[in-house]
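Enquirer: sharing a model that was predicted from the sequence below.
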Amino acid sequence: MERSWRRGAPLSGAVSIVLYFVGFALIGEVRGTTSPSPDRVVDLLEDGPVQILIGAYISLVSVPLLLWFVATLRSRILVAEAGTGRFATLAFGGGVLAVAGMSVGFASIGQAAFRAEDEAIDPQIATILYDLYRAMLSGPMPIGFAALIGASAIVSFRGDLFPSWLKWASVVIAVAAVSPLMSFAGFFGLGWVFVVSIWLTLAERTSSDSELFGEHRDGDDSRTG
């Protein structure tokens, strides 16, 4: 049971990213500008408030799954770091910051949709809540991912955590997340979580199968002796 739990834990990251993008797609956005007028924001909210509420809910469900993945990755980094755990702590803190940004952002757009569905929403309130939603996903989320991914990359170069291609990809994404491209880098951070989640799951499965094979071989040797 414990082995199955350990093997499946990293997969929570991939599941959380799928839920995130499903919710994000349902929420939608005001297209054509990064600073839409209050009237355009109201139109978005009042055209499909129930759909936006469902999207916000699905995205919020992804949050605890992502946090579980971050905790799982922290334990892997701690083993690979084999030191004070400074980078493991940095990675976990970054993951918590990214998760907090997501939580505030999706809760904000959900509240805006709730008000729009219940009654006519004031354009200024709609704009504030929508801007907060966008700001959380383009500020704290990528910055948090930068810390998570950067710390993972550093430990990868110092120890045995990721393969070479994933080490360098992590460096590129971490740098992009603190560059002027940070508003787009958040999506690359989400993609990184998905890839690392799958890679860790496969690596854990291979490791568990090797251990199981070793146990059976030891048992056969003892019976033979």
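Expert: Happy to help now that I have it.

Enquirer: when you work out contacts or count neighbours from here on, use the C-alpha atoms and nothing else.
Expert: Will do.

Enquirer: where does the chain have low pLDDT?
Expert: 1-8, 31-33, 206-225 (pLDDT under 70).

Enquirer: now do the helices in it.
Expert: 2-8, 11-27, 38-47, 49-81, 86-118, 123-138, 140-158, 164-176, 182-224 (DSSP state H).

Enquirer: Serialize those helices to JSON lines and add fields for mean neighbour count.
Expert: Listed next are those as JSON lines, based on neighbours: other C-alpha atoms under 10 Å:
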{"stretch": "helix 2-8", "mean neighbour count": "12"}
{"stretch": "helix 11-27", "mean neighbour count": "21"}
{"stretch": "helix 38-47", "mean neighbour count": "19"}
{"stretch": "helix 49-81", "mean neighbour count": "21"}
{"stretch": "helix 86-118", "mean neighbour count": "23"}
{"stretch": "helix 123-138", "mean neighbour count": "20"}
{"stretch": "helix 140-158", "mean neighbour count": "25"}
{"stretch": "helix 164-176", "mean neighbour count": "18"}
{"stretch": "helix 182-224", "mean neighbour count": "17"}
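
Enquirer: find the nearest non-adjacent residue to Leu11, please.
Expert: Ser197 (5.3 Å; C-alpha to C-alpha, 6 or more residues apart in numbering).

Enquirer: so that neighbour makes contact with Ser16?
Expert: No: contact criterion C-alpha atoms under 8 Å: Ser197 and Ser16 do not qualify, at 10.0 Å.

Enquirer: before we move on, back to that, how about the contacts made by the residue nearest to Leu11?
Expert: Neighbouring residues of Ser197 by C-alpha atoms under 8 Å, 6 or more residues apart in numbering: 10-14, 69.

Enquirer: please repeat the previous calculation with a cut-off of 7 Å.
Expert: The neighbours of Ser197, taking C-alpha atoms under 7 Å, 6 or more residues apart in numbering as the test, are 10-11, 13-14.
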